[in-house]
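Engineer: give me a 3D structure for the following:
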Amino acid sequence: MWQVWLAAEESEAVATALEPKLVKTRAAVEQVLFDVVMLEVALRNGADPVTLANLMPKHWADFIRNSDITEVKPIGTTPLSGGRRP
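Structural biologist: Just a heads-up that it's a prediction; the model follows:
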């Protein structure tokens, strides 16, 4: 087993460098956990695709952008207002 010994100045520099990354990672993990619990509750209550889209708009947008339109269209997409774009 390896042991690393740092002087006080070095350990403060490491802590200062890592703190913003750790704060950002913690926030991301908290958001994922929140999303998982929200999705679990929604699915247990039989939420429909429109409700899920309203609860999780970023995930819905990613799903729509990355899916085959033939699979997505039947579950809740709507055409743009005003018809086709030129």
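Engineer: so what's the residue count around Met56?
Structural biologist: 16 (other Cβ atoms under 10 Å). Any C-beta I mention is one placed from the backbone N, CA and C, and that applies to glycine too.
Engineer: need the phi and psi values for it.
Structural biologist: phi -130, psi 70 (degrees, to the nearest 10).
Engineer: okay, and the nearest residue to it once chain neighbours are set aside sits in which element?
Structural biologist: Once flanking residues are discounted, Met56 sits nearest to Asp35: 6.4 Å by Cβ to Cβ, 6 or more residues apart in numbering. Per DSSP states H and E, Asp35 falls inside helix 8-44.
Engineer: does that helix pack against any helices or strands, and if so which?
Structural biologist: Other elements packing on helix 8-44 under the criterion 3 or more Cβ pairs under 8 Å, 6 or more residues apart in numbering; DSSP states H and E are helix 49-55.
Engineer: if you set the cut-off to 10 Å instead, what comes out?
Structural biologist: helix 49-55, helix 57-66 (3 or more Cβ pairs under 10 Å, 6 or more residues apart in numbering; DSSP states H and E).
Engineer: gap between the residue nearest to the spatial centre of the chain and Ala7?
Structural biologist: Per Cα atoms, centre = their mean, the C-alpha nearest to the average position across the chain is that of Val32, at 5.8 Å. Distance of Val32 to Ala7, given as Cβ to Cβ, to the nearest Å: 36 Å.
Engineer: for Leu18, same thing?
Structural biologist: 16 Å.
Engineer: between the two, which one's more packed in?
Structural biologist: Set Leu18 next to Ala7 and count neighbours by other Cβ under 10 Å: Leu18 wins out with 11 against 8.
Engineer: could you list the low-pLDDT ranges of this structure?
Structural biologist: Counting by pLDDT under 70, the chain contains low-confidence ranges at 1-3, 75-86.
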